[in-house]
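J.: take this sequence and fold it.
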Amino acid sequence: MSKRNSQTSKTAARERLRVERERQAKRAKAKRQVIVACSIVAVLAAAGGIGYAVVQANKPSYWEGLKDAKVVAPAHTTGAKGTTVVIGKSNAKTLKVYEDPRCPICASFEQTVGSTVKKDIDGGKYKIQYIGATFIDNKDNGQGSKNALSALGAALNVSDEAFLQYKSAMYSAKWHPDETTDKFKDDSYLIKIANTVPALKDNTQFQNAVKKGTYDAWAVAMSKTFDNNKDGVTGTPGFVMNGKQLTSSDQNQGWTVATFNQAVDAALKG
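T.: Sure, this is the predicted structure:
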């Protein structure tokens, strides 16, 4: 082989090596750019995820978001946002009744004295002003008290009688859940209870109102009237007549028909 051919071969080999090195350098650069880009995307995604989580954490819950929402008040209500619910003969004295749907003592009272209260209302002995509370939800971040109160609003929209019967059914031994079980948060359970009330059985309008949450904002507004009450009532059930809270003469036994009648009769004379 001539020196010229040998030199030419070496030159060609060096050129091929240079080209290959440049190609590898370009590949390495492109790979680094991809890695950097992916790292940036990952950081942005993580930051976005953290930002979303922070926003979600600070975002008010559904029920909290209803505090300033427009209120649709049920029929048979008066007052600001329809939170005045009075049932009975207009000329009778008013007994304020404070109750939380999840309250076990309210359930016990209804099962023991509820029929007496209904008889007294029908007979004109007194009328009741119902004030619904939802403070039990606060203990376990629940929804049942608010959801049940909204459903009671849907029943009230049908009639006073439907409201009273539905409330009685909710508090019955068959349907009222343990305080630690938030079963009232489920619309299907509330509708199942309602189907035991003649005026609400298979009532499409009532069921739609429960499912759509028509009276959810009303329930929140009603609960606020309990929170801000001027009667000094802090628990449920609470009873007030002529500005004074009624108390049972037997605190150990709680409310019975006898102790309730005694307290009401004394208040009516006052």
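J.: how about the helices in the stretch 151-270 of the chain?
T.: Ranges of helices within the stretch 151-270 of the chain are 160-170, 187-194, 204-212, 216-227, 257-269, based on DSSP state H, counting those that start in this stretch.
J.: which among these is found nearest to D68?
T.: helix 216-227 (9.0 Å; C-beta to C-beta). Just so you know, the C-beta spots here come from the backbone N, C-alpha and C atoms, and that holds for glycine as well.
J.: give me the buried positions along that closest one.
T.: Of the residues in helix 216-227, 216-226 count as buried by neighbour count, 16 or more other C-beta atoms under 10 Å.
J.: quick check: which ranges of the stretch 1-150 of the chain have low pLDDT?
T.: Low-confidence segments of the stretch 1-150 of the chain, defined by pLDDT under 70: 1-60.
J.: circling back to that earlier point, got CSV for the buried residues of helix 216-227, with distance to G114 and pLDDT too?
T.: What follows is the buried residues of helix 216-227, written out as CSV (distance: C-beta to C-beta, whole Å; pLDDT from 0 to 100):
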residue, distance to G114, pLDDT
D216, 26, 98
A217, 28, 98
W218, 24, 98
A219, 21, 98
V220, 26, 98
A221, 26, 98
M222, 20, 98
S223, 22, 98
K224, 26, 97
T225, 22, 97
F226, 20, 98
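J.: quick one: which of the helices of the stretch 151-270 of the chain is nearest T134?
T.: helix 216-227 (4.2 Å).
J.: could you dump the helices of the stretch 151-270 of the chain into CSV with distance to A75 added?
T.: What follows is the helices of the stretch 151-270 of the chain, written out as CSV (distance: least, C-beta to C-beta, whole Å):
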stretch, distance to A75
helix 160-170, 9
helix 187-194, 17
helix 204-212, 11
helix 216-227, 11
helix 257-269, 28
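J.: can you check which of these gets nearest to M241?
T.: Closest approach to M241 among these (C-beta to C-beta): helix 257-269, 4.0 Å.
J.: ok so, going back, make JSON lines out of the buried residues of helix 216-227 and add distance to D160.
T.: Formatted as JSON lines, these follow (distance: C-beta to C-beta, whole Å):
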{"residue": "D216", "distance to D160": "21"}
{"residue": "A217", "distance to D160": "21"}
{"residue": "W218", "distance to D160": "16"}
{"residue": "A219", "distance to D160": "18"}
{"residue": "V220", "distance to D160": "22"}
{"residue": "A221", "distance to D160": "19"}
{"residue": "M222", "distance to D160": "16"}
{"residue": "S223", "distance to D160": "20"}
{"residue": "K224", "distance to D160": "22"}
{"residue": "T225", "distance to D160": "18"}
{"residue": "F226", "distance to D160": "20"}
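J.: can you tell me which of those residues is nearest T196?
T.: Using C-beta to C-beta, the buried residues of helix 216-227 come closest to T196 at A219, 21.3 Å.
J.: could you look up the SS state of V97?
T.: Here V97 is strand, with the state taken from DSSP: H, G, I helix; E, B strand; the rest coil.
J.: the nearest residue to it once chain neighbours are set aside: how many residues sit nearby?
T.: For V97, ignoring the flanking residues on the chain, the nearest one in space by C-beta to C-beta, 6 or more residues apart in numbering is I128 at 4.9 Å. If you count neighbours by other C-beta atoms under 10 Å, I128 ends up with 20.
J.: can you give the strand pairings for the strand or helix carrying I128, parallel or anti for each?
T.: Using DSSP states H and E, I128 maps to strand 127-132. When pairs are called by DSSP bridges, strand 127-132 turns out to pair with strand 85-87 (antiparallel), strand 94-99 (parallel).
J.: done for today, thanks.
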